Every structure is written in structure tokens, then in C-alpha cells.
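K.L.:
Have a look at this prediction, sequence included:
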Amino acid sequence: MTRCLWVPEDKPLYVDYHDMEWGVASRDPRHLFEMICLEGAQAGLSWWTVLQKRARYREVFHHFEVSKVAEMSDSELEGLLEDPGIIRHRGKVMAFRQNARAWLELDDPVEWIWSFVGGETVVKRPRTMAEVVATSAESDAMSKAMRKAGFNFVGSTTLYAFMQAVGMVDEHSVDCFRSR
């Protein structure tokens with residue numbers, strides 16, 4: 001079975017993520033919020049690091065129930081900086097709560113997020129890794145708007161990865177079995 005070139009075949013967790021989730025269009029608010037947070041946590045690191053810690057993130061951040069994350073206290077968040085099960089970067093940990101609060105201020109976060117691609121998945125079929133970009137005009141616009149709305153750790157590269165992860169951009173390679 002042929003997969004996208006970036007998928008390490010010797011890492012079942014990565015293979016499952018690629019095969020079952022990456023590039024699948026999601027309009028589930030909790031999943032979208034989770035992926036915004038996790039992509040922000042990944043900034044400057046490998047996605048593999050985040051995938052290995054994802055279960056613990058779900059535990060300590062109330063399975064990404066936005067209202068509960070928004071209510072987390074400073075002391076709860078500070079305590080998480082001692083938890084080896086997550087990435088212990090103060091700014092990233094604090095961003096989860098800030099992003100939850102910003103999310104709750106949006107009238108319809110799902111529709112707002114999807115509006116950056118006109119409500120439909122953008123399909124790209126790269127033939128080589130050289131054809132895969134790190135940002136787009138849409139991720140640039142989303143980053144600017146999200147920062148204005150109060151979100152943190154939402155740079156254009158982070159948001160392009162988010163868009164790929166939640167199926168706003170379906171960028172499975174042309175020879176990948178997941179290509180439509």
C-alpha cells in the first residue's frame with residue numbers, strides 16, 4: 001500500500017494518523033479545537049512528538065472540551081509544566097486556555113474556520129515533497145484573523161499544517177492510496 005512520502009512506515013501511530021485522520025474533512029468543533037491546540041504545541045518540534053503525547057494532552061485538557069479548558073486556573077496550568085506527558089513550554093501550555101477563550105468569543109467557530117477555504121476542501125495532489133508548501137494565502141489570512149481574534153501559537157505554517165490535518169486541505173500525494 002502506497003502512502004504519502006512523509007509517513008514513516010515503521011511507526012504504527014503515524015501510519016494510523018495518516019490512514020484514518022489526516023486530510024479527512026472535520027467540522028467537529030472539539031476536534032478542530034484540539035487540532036489548533038496540538039498544532040500550536042508542535043511549533044518548532046516534530047509532529048511525532050505531539051502524536052506520542054496526544055493521549056495525555058486529552059487527559060489533562062479535559063478531552064478538549066472548550067469551556068472546561070477556558071476555565072482552567074493558572075495553578076492548574078502551572079502544574080502541567082511539571083508533566084512529562086506533554087510538551088512543557090509555558091507559552092504553549094498557556095495558549096491552550098487563551099485559545100479556548102478566543103474560540104468561545106466566536107459566533108460560529110466551525111463556519112468561521114472553514115470560511116478561509118470557502119467552505120470546501122482544497123484538493124492538491126503533489127507528486128514530490130518539493131511540491132508541498134508550508135503556507136498558503138489562506139493560512140496567511142487565517143493566521144492574521146486568528147491573532148486578531150486573540151489566539152496564540154497560530155502562525156501561518158502552524159495553521160497550514162492544521163488545515164491539512166482537519167481536511168481543509170487534502171494534500172495526499174498523487175500515488176497515496178488515500179488520494180481521491
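P.N.:
Thanks, I have it.

K.L.:
how many other residues sit next to Phe162?
P.N.:
Residues lying near Phe162 (other C-beta atoms under 10 Å) number 25. The C-beta positions use only the backbone N, C-alpha and C, and glycine is treated the same way.

K.L.:
List the contacts of it.
P.N.:
35-36, 39, 168 (C-beta atoms under 8 Å, 6 or more residues apart in numbering).

K.L.:
what does the lengthiest helix in the chain rub up against?
P.N.:
The longest helix of the chain (DSSP state H) is helix 90-105. For helix 90-105, the surrounding residues in contact (C-beta under 8 Å, 6+ apart) are 33, 36-37, 40-41, 43, 61, 66-67, 69-70, 72, 77, 80-81, 86-87, 109, 146, 149-154.

K.L.:
what is the mean pLDDT for it?
P.N.:
What helix 90-105 shows for mean pLDDT is 98.

K.L.:
Just the CA coordinates for it, please, in PDB.
P.N.:
Output in PDB follows, covering the C-alpha atoms of helix 90-105 (Å, rounded to 0.1, in the frame of the first residue of the first chain):
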ATOM      1  CA  ARG A  90       4.900  27.700  29.300                       C
ATOM      2  CA  GLY A  91       3.700  29.800  26.400                       C
ATOM      3  CA  LYS A  92       2.200  26.800  24.600                       C
ATOM      4  CA  VAL A  93       0.500  25.500  27.700                       C
ATOM      5  CA  MET A  94      -1.000  28.900  28.500                       C
ATOM      6  CA  ALA A  95      -2.100  29.200  24.900                       C
ATOM      7  CA  PHE A  96      -4.500  26.300  25.200                       C
ATOM      8  CA  ARG A  97      -6.600  28.300  27.700                       C
ATOM      9  CA  GLN A  98      -6.200  31.600  25.700                       C
ATOM     10  CA  ASN A  99      -7.300  29.800  22.600                       C
ATOM     11  CA  ALA A 100     -10.300  28.300  24.300                       C
ATOM     12  CA  ARG A 101     -11.300  31.700  25.500                       C
ATOM     13  CA  ALA A 102     -10.900  33.200  22.000                       C
ATOM     14  CA  TRP A 103     -12.800  30.300  20.500                       C
ATOM     15  CA  LEU A 104     -15.800  30.900  22.800                       C
ATOM     16  CA  GLU A 105     -15.900  34.600  21.600                       C
END
